[in-house]
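**Q** Any chance you could fold what I've pasted below:
(2 chains)
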Amino acid sequence: MTEKLPPVRVRFAPSPTGRTHLGSGRTALYNYLLARQTGGQFLLRIEDTDQKRYVPEAEQELMESLRWLGLEWDEGPDVGGPYGPYRQSERKEIYLEYAKQLIEKDKAYYCFCSPERLARLREQQMQAKQATMYDGLCRQLTPEDALRRVKQGEPHVIRFKTPREGSITVRDYLRGDITVENRTIDDYILVKSDGWALYHLAAMVDDHLMRITHVLRSSEWLSTFPLHGHIIRAFGWQEPVFVHLSVFLKPSGKGKMSKRESAQLLQDGYSIFIKDLEQLGYLPEAVVNWIALMGWSYDDKTEFFTMQDLIEKFSLDHLNPSPAAINFTKFDHFNGLHIRHLSVEELAKRVKPFFLRAGLQPEDTKLLQIAPIIRERLVTLDDAVEMAGFFFRDQMDYEADLLVGKNMNPSESLQVLQESYDLLKNLAFEEKETLETALRNLAEQKGLKAGQLFGILRIAVTGQSVSPPLIESMLILGKEKVLERIQDALKRLQPIVGL
RNA sequence: GCCCCCAUCGUCUAGUGGCCCAGGACGUAGCCCUCUCAAGGCUAAAACACGAGUUCGAACCUCGUUGGGGGCACCA
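**A** So this is what the prediction gives:
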């Protein structure tokens, strides 16, 4: 636990420009954990100041993803709160007002340079192998002059007036002090010519107005962090604690995820998008456990965590600043762990939609019986269909020669299958022991290994060479169906024997 | 090119100067259990990027090198 923090106010502030992925999920999770642990508030703020990049479905998917993971926010666009609105597109005037404050304080200035001039400038600088920055042309303008041109309707932006001399030191919670020469920091645009604020202004203003105490954000903000320090100090505001989270790398560890990689990943049955993971049969509990451990650790041995555990044990002090490669194999392991951690009732409930999706009609009572025998065999919920679909299908679909036992010929197989039928016909399908002893005795009589007999019966009864334990499966399926299927198998085997 | 960040097994990581010829987990290999497949148990191989310092002593501190990542937009 983070050494006794007072209640924090934290926020997750995504821009609705695309699908919600694991990296966002983890940032949101850490924020959420800190809020719950300290009894503070977790806010959701939508950073949609760029209308050009706005994707309408993105916000919906974002909220669904967070809720699926179990990350409920205390304040946000849909639930409201005392510091709203929580959508930046509804706060345009606020930012403009604060930008003007900065101009009055001589910490910002109007700039009338055209995009064309800026492009040319950039080109020249690149050719001269210099850093690409604004050259400060409009800094020279007198405030009166600038204001006059603004009033005349001349297109303009507002730029931050980064000090030319000296340096700034900002503090990242994980990395300590970071000192940067001011001359390497650009006069970033705060407000665009269309009047909309950019991230650097909007986020700082909102974090202040919304009383944010801790900013946990992606480390891609590290490079503009000094600028943010300047902006906050220009206003004279109290700085929140900044924690820059490491980035996720693609599984190979070489670079971050690209479109191409995402497509390939889906081929392999994985995805970095949270909504996809739900479809693929992963548990939100497993996703949370897994991503929590990419960049954070509790000790040198504990790896299984529920959300409740994480709320209790999460700590900023055990965050790891280095980038982490996404490892889906380990994710599978965590999903298995959490599936086994589910109660029978819960597993039955969660697995049901996957059967329905496969066009099967599972009865709840059967599902409840099946859950315990498939529980330790599942990697994903979707695996249940493959493993136990035979309970709900009437038509068996398998190659008849699979009915020939290991190291046996067709006629031996047919014979022992027939004898199994006769044996089972006279038994009550109640006790596991009754069936098991009978079948084992039969195998012994015939000089067969139990595995040989069970193998044949497994195919006959389940149509699969891999299945949940045979006897249990037969009991759940019921005497009638088991006999029917063996009968069917006998018919399939006969032509092979030559009958 | 410029700026910033990072650096322990293949991967996620523990480790904050002596407890470490480096611990756990996934994966891999072998064995046990076993009606298939799993699950579970045991065992094994597997790492402090490199080079200089500082120190009685360095995975841990400093510097450099190399490697990796991020940023350099009227995107966030």
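
**Q** For the helix or strand of chain A with the lowest mean pLDDT, what is the distance to the chain centroid?
**A** Using mean pLDDT, DSSP states H and E, helix A:259-267 stands out as the lowest-scoring helix or strand of chain A, at a mean of 84. The chain centroid and the centroid of helix A:259-267 are separated by 15 Å, computed with C-alpha atoms, centre = their mean, to the nearest Å.

**Q** and if you look at stretch A:281-289?
**A** 8 Å.

**Q** Can you spell out the domain ranges of chain A, please?
**A** Taking automatic domain parsing as the reference, chain A has its domains at A:91-245, A:344-392, A:400-497.

**Q** With respect to residue A:307, which of those lies nearest?
**A** Among these, the nearest to residue A:307 by C-beta to C-beta is domain A:344-392 (14.8 Å). Any C-beta I mention is one placed from the backbone N, CA and C, and that applies to glycine too.

**Q** What is the subsequent helix or strand relative to the helix or strand hosting residue A:356?
**A** Using DSSP states H and E, residue A:356 maps to helix A:344-357. Counting by DSSP H and E, the next helix or strand C-terminal to helix A:344-357 is helix A:364-374.

**Q** Which of the three states applies to whatever residue of the stretch 301-450 of chain A ends up closest to RNA strand B?
**A** At 2.8 Å from RNA strand B, residue A:322 is the closest residue in the stretch 301-450 of chain A, using C-beta to the nearest atom of the strand. Look at residue A:322: counting by DSSP: H, G, I helix; E, B strand; the rest coil, its state is coil.

**Q** how close does it sit to residue A:56?
**A** 36 Å (C-beta to C-beta, to the nearest Å).

**Q** Bridged to the nearest residue to residue A:255 once chain neighbours are set aside, which residues?
**A** Nearest residue to residue A:255, sequence neighbours excluded (C-beta to C-beta, 6 or more residues apart in numbering): residue A:249, at 6.5 Å. According to DSSP bridges, the residues that bridge with residue A:249 are residue A:325.

**Q** Surely residue A:215 is in contact with residue A:232?
**A** No - with contact defined as C-beta atoms under 8 Å, residue A:215 does not count as touching residue A:232 (10.6 Å).

**Q** The two - which one has more neighbours?
**A** More crowded of residue A:215 and residue A:232, by other C-beta atoms under 10 Å: residue A:215, with 22 against 19.

**Q** quick one: is the host helix or strand of that one near RNA strand B?
**A** Residue A:215 is part of strand A:214-218 when elements are defined by DSSP H and E. No - using C-beta under 7 Å from any atom of the strand, strand A:214-218 stays clear of RNA strand B, with a minimum separation of 7.8 Å.

**Q** Next: stretch A:145-162.
**A** Yes - residues of stretch A:145-162 contacting RNA strand B under C-beta under 7 Å from any atom of the strand: A:155, A:157.

**Q** same thing with stretch A:250-264?
**A** Yes - against RNA strand B, stretch A:250-264 shows contacts by C-beta under 7 Å from any atom of the strand at A:253, A:254, A:255, A:256.

**Q** Out of those, who's the most crowded?
**A** residue A:256 (14 neighbours).

**Q** On the pLDDT front, check that residue for me.
**A** For residue A:256, the model assigns a pLDDT of 81.

**Q** That one against residue A:246, yeah?
**A** No - at 11.2 Å, residue A:256 does not count as touching residue A:246 under the criterion of C-beta under 8 Å.

**Q** I'd like to know how many residues surround the residue nearest to residue A:46 when sequence neighbours are not counted.
**A** Sequence neighbours aside, residue A:87 is the residue nearest to residue A:46 in space, at 4.5 Å (criterion: C-beta to C-beta, 6+ apart). Residues lying near residue A:87 (other C-beta under 10 Å) number 18.

**Q** same deal with residue A:96?
**A** So residue A:96, with other C-beta under 10 Å, has 17 neighbours.

**Q** And for the one 5 residues further on?
**A** Neighbouring residues of residue A:101 were enumerated by other C-beta under 10 Å; the total is 14.

**Q** Check residue A:147 too.
**A** 13.

**Q** now residue A:129
**A** Residue A:129, neighbours per other C-beta under 10 Å, totals 6.

**Q** Helix, strand or coil: sort out it for me.
**A** Going by three-state DSSP: residue A:129 is coil.

**Q** quick one: it from residue A:181, how far?
**A** Taken as C-beta to C-beta, the span from residue A:129 to residue A:181 is 18 Å.

**Q** same deal with residue A:13?
**A** Residue A:13 is 29 Å from residue A:181, by C-beta to C-beta.

**Q** of the two, who's got more company?
**A** Taking other C-beta under 10 Å, residue A:13 and residue A:181 do not tie; residue A:13 has more neighbours (24 against 11).

**Q** ok, now which ones touch that one?
**A** When contacts are counted by C-beta atoms under 8 Å, 6 or more residues apart in numbering, residue A:13 is found next to A:44, A:45, A:46, A:47, A:203, A:206, A:217.

**Q** wait, what's in contact with residue A:360?
**A** A:385, A:389, A:392, A:393.

**Q** wait, isn't the first one in contact with residue A:354?
**A** To tie it back to what came earlier, the one meant is residue A:385. Yes - checked against C-beta under 8 Å, the pair residue A:385 and residue A:354 is within contact range at 5.4 Å.

**Q** any weak-confidence spans in the stretch 351-499 of chain A?
**A** The model of the stretch 351-499 of chain A has pLDDT under 70 over residues A:499.

**Q** can you list the residues of it near RNA strand B?
**A** A:376-377, A:436, A:450-451, A:454-455, A:458, A:465-472.

**Q** Just to be sure, which of those are found in helices?
**A** Counting by DSSP state H, the part of these found in helices is A:436, A:450, A:451, A:454, A:455, A:458, A:470, A:471, A:472.
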